[in-house]
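Peer 1: Coordinates only, no sequence provided:
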């Protein structure tokens, strides 16, 4: 069977597979109406060494994924409440919003805690009962009787002379700075007590990361905020959906910019080089097939497709275009019947070029970053699909006559003669200049793996989030403790041991056990309170000159099931994880753990069932570790590529590899000279550069003569297309994509510029 017959059969099979992938995409996006994932947490590595910490992190993220909190600030409470009313009226009744506390909710608190009040003691009350003399307790009880100020009291004085239950309730109220005023949720600025804020909690149904839901919610919030501002109020919005909406809008804008920019640039290049729309249409077909097959495979492998993957996939257009451009560059000047012989000569070279490029993309899958692995699979599959389309479909769709060379193509290909093939003296000069640049770059090189360097949210949104955190004084969800026990009671007991140590370090603590003491703690506190009440009654009776009857209430105990079912658990319910691993889990949140020394000390804390989680620190450390690892993987990639080249070219294979190696080193140096802070996302694109740059060496080394115009035409068109796509990617507002694009923009240009110098003398 000759090449034409085998190609026709393979083309038919490929058509069936492509149509299947297209149908799969239509079913997923149009019929199922699925949308790309915009949750940036999905791009981060999972804690595979500590799955319980990973589960806890995800649970906290899920708890706040849909919630938007809005503060309306005014000069006084009346103005703030008036602004909140205007906001809610404009928002509409179909979006769930909470700004009041119903009387039933307040009664639910008392209904839950009053029967178990005997076992509820604040830490201060527990210490006072354990250590204070009876006479001192009696003085405090009588002072509370004759001067009833300072705190809430539930029931009559005789039932709780020391107001232990009132003190416990007051301590719970101090967990949050939000207060109930006239039935509304209100907040006072800690730095300006006269400035009041009305609080509105919004939790729309569905995911906070759904693009369509984000658009609708943001439009409604914007309109409602304008209505509140019309009342002279300051409006502060915070929440994950706010950041998700900005990320989605930015990613979609970049898809359009990068995709459209790449398409316009590549179309212009094609028309100039080939003076025909047919090559452009066929090349566009190969790229469309690559994207469709890549999307389908990623959906089958990962079950979803991230929006960042699609943004990166838009840059894939410039790389996939290389194979089509190479085909038509080699096709110029040939009759239609000669294309099969040309294809036979091209297959080994183009296959080797495709393999080296795919090696670079495949190496991206080594780090445990779900986002990078998805990008790696998407890119590698897309490139292979585009290559197969060129190999099996182009000869059948391109059968019309001779393809005459254009004046632009002849001119561009003839530029190859401008590059001399360097001899020993030329190589020495090139290496000397390179060494000077590398030394300059080494002196300015800075490395910072902090994950916060990848923050891309607008400054105004970040400022609102910080102002919200200042006003609310809420605990951080970036650093926390995960507590686990074999059962609910062991979990609560371990939490109590942990919080006792944390409060000794003068840290703010928010824990479930503050609202739901363990049964052991309830029984111990009840026994202590009962014993000291028995000691206190005779003294009080003597001073009051009348008997003080003991309480007749039958003490009961608070269980997790009753607590979770009550509205009283709402402030910290998200911290109760329930089933975690083989036991029960919860999260203890902190305030005041921002200092590095404090976090180091907390990480060294060792208690049974307690795990310290510093997500920012862990991811930053992981980024640094994989930056070093991927540098070594890059070296491995060069070794593997050299082995593949040696099979084809033998000893001269170094000439195809050396320009790219030098381009990688110079790219890092130039980035450092330009003030870029080196991180993982500057190293990863060097793996892509390895595949792309070596392609240029392969095509030129196959036909190294300075008068060979077709290889240089193909290489230049490929480099220009890649520079267009990745050059636009360098304009991305997403720091990781910007670093990726900028690195490849510099590296690809250098690889193209240097490769002809390394070709042998013909």
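Peer 2: Noted; the coordinates are in hand. Being a predicted model, the structure only gives us computed values, none of them experimental. Numbering: from 1, shown residues only.
Peer 1: and the residue lying closest to residue 623 once chain neighbours are set aside, how far is that from residue 121?
Peer 2: Counting by Cβ to Cβ, 6 or more residues apart in numbering, residue 449 is the residue found nearest to residue 623 once chain neighbours are left out, at 4.2 Å. Where C-beta positions appear, they are placed from N, C-alpha and C, glycine not excepted. Relative to residue 121, residue 449 is positioned 46 Å away (Cβ to Cβ, to the nearest Å).
Peer 1: Secondary structure class of the nearest residue in space to residue 540 that is not next to it in sequence, three-state.
Peer 2: Once flanking residues are discounted, residue 540 sits nearest to residue 548: 4.7 Å by Cβ to Cβ, 6+ apart. At residue 548 the chain is in coil, as set by DSSP: H, G, I helix; E, B strand; the rest coil.
Peer 1: Residue 548 reaches residue 541, doesn't it?
Peer 2: Yes. In this structure, residue 548 is within contact of residue 541 by Cβ atoms under 8 Å, at 5.0 Å.
Peer 1: Who has more neighbours out of the two?
Peer 2: Between residue 548 and residue 541, counted using other Cβ atoms under 10 Å, the more crowded position is residue 548 (18 against 13).
Peer 1: So for residue 449 and residue 121, which sits in the more crowded spot?
Peer 2: Neighbour comparison, residue 449 and residue 121: the larger count goes to residue 121, with 26 against 20 (by other Cβ under 10 Å).
Peer 1: Run through the helices of the stretch 501-650 of the chain in chain order.
Peer 2: Taking DSSP state H, counting those that start in this stretch, the helices of the stretch 501-650 of the chain run over residues 519-544, 560-564, 596-603, 615-649.
Peer 1: how far off helix 596-603 does the longest one point, in degrees?
Peer 2: Same thing as helix 615-649. 90 degrees (axes from the mean of the first three to the mean of the last three Cα atoms, to 10 degrees).
Peer 1: Downstream of helix 615-649, the next helix or strand is which one?
Peer 2: helix 654-673 (DSSP states H and E).
Peer 1: I'd like the distance between the residue lying closest to residue 129 once chain neighbours are set aside and residue 539.
Peer 2: Excluding the flanking residues, the one nearest residue 129 by Cβ to Cβ, 6+ apart is residue 532, at 4.9 Å. Separation of residue 532 from residue 539 (Cβ to Cβ): 11 Å.
Peer 1: what do these two both touch?
Peer 2: residue 134 (Cβ atoms under 8 Å, 6 or more residues apart in numbering).
Peer 1: now the helices for the stretch 101-250 of the chain?
Peer 2: Going by DSSP H, counting those that start in this stretch, the stretch 101-250 of the chain shows helices at 103-113, 123-131, 134-146, 164-173, 211-229, 240-274.
Peer 1: check contacts around the residue nearest to residue 129.
Peer 2: 129, 134, 137.
Peer 1: Any quick PyMOL command for the buried ones out of those?
Peer 2: Provided next is the PyMOL selection string for whichever of the contacts of residue 532 are buried by 16 or more other Cβ atoms under 10 Å:
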select buried, resi 129+137
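Peer 1: which of the contacts of residue 532 lies closest to residue 3?
Peer 2: residue 129 (93.5 Å; Cβ to Cβ).
Peer 1: The closest one contacts residue 121, correct?
Peer 2: Yes. Using Cβ under 8 Å, residue 129 makes contact with residue 121 at a distance of 7.1 Å.
Peer 1: shared neighbours, the two?
Peer 2: Residues touching both residue 129 and residue 121 (Cβ under 8 Å, 6+ apart): 164, 528, 529.
Peer 1: so the first one sits right up against residue 528, yeah?
Peer 2: No. With contact defined as Cβ under 8 Å, residue 164 and residue 528 do not form a contacting pair (10.0 Å).
Peer 1: Quick check: neighbours shared by the two?
Peer 2: Joint contacts of residue 164 and residue 528 (Cβ under 8 Å, 6+ apart) are 121, 129.
Peer 1: higher neighbour count, these two?
Peer 2: Between residue 164 and residue 528, counted using other Cβ under 10 Å, residue 164 has the larger neighbour count: 22 against 17.
Peer 1: now the nearest residue to the more buried one once chain neighbours are set aside: how far from residue 175?
Peer 2: Excluding its sequence neighbours, the residue lying closest to residue 164 (Cβ to Cβ, 6+ apart) is residue 125, at 5.2 Å. Here the criterion is Cβ to Cβ. By it, residue 125 lies 16 Å from residue 175.
Peer 1: One more: residue 72?
Peer 2: Using Cβ to Cβ, we find residue 72 at a distance of 23 Å from residue 175.
Peer 1: okay, these two: which has more neighbours?
Peer 2: The neighbour count for residue 72 versus residue 175, taken as other Cβ under 10 Å, is higher for residue 72 (30 against 16).
Peer 1: Now do the contacts for that one.
Peer 2: Applying Cβ under 8 Å, 6+ apart, the residues near residue 72 are 80, 83, 84, 87, 197, 198, 200, 228, 233, 234, 235.
Peer 1: now, the most widely separated pair of these?
Peer 2: Distances among the contacts of residue 72 were taken as Cβ to Cβ; the most separated pair is 200 and 234, at 13.6 Å.
Peer 1: overlap in contacts of the two?
Peer 2: 71, 72.
Peer 1: which intervals of the stretch 551-700 of the chain have sub-threshold pLDDT?
Peer 2: Applying pLDDT under 70 to the stretch 551-700 of the chain flags the ranges 551-555.
Peer 1: switch the cut-off to 80
Peer 2: Across the stretch 551-700 of the chain, the ranges flagged by pLDDT under 80 are 551-555, 581, 592-596, 615-616, 618-619, 622, 626, 691.
Peer 1: cool, and the stretch 1-150 of the chain?
Peer 2: 1-2, 35, 37-66, 94, 101-109, 144-150.
Peer 1: Tell me which stretches of it form strands.
Peer 2: Counting by DSSP state E, counting those that start in this stretch, the segments of the stretch 1-150 of the chain that form strands are 68-74, 97-98.
Peer 1: Please identify the deepest-packed of the ones you listed.
Peer 2: Among the strands of the stretch 1-150 of the chain, ranked by average contacts under mean count of other Cβ atoms under 10 Å, first place goes to strand 68-74 (a mean of 24).
Peer 1: That one: partners in the sheet, and parallel or antiparallel?
Peer 2: strand 192-202 (antiparallel), strand 234-238 (antiparallel) (DSSP bridges).
Peer 1: Nearest approach to residue 520 belongs to which of these?
Peer 2: With Cβ to Cβ as the measure, strand 192-202 is the member of the strands paired with strand 68-74 nearest residue 520 (34.7 Å).
Peer 1: which residues make contact with that closest one from outside it?
Peer 2: Here strand 192-202 makes contact (Cβ under 8 Å, 6+ apart) with 67-77, 79-81, 83-84, 87-88, 91, 95-99, 178, 184-189, 221, 236, 239, 471.
Peer 1: which of those residues are buried?
Peer 2: Here, 16+ other Cβ under 10 Å leaves 67-74, 77, 79-81, 83-84, 87-88, 91, 95, 97, 99, 178, 184-189, 221, 236, 239, 471 buried among the contacts of strand 192-202.
Peer 1: Nothing else from me, thank you.
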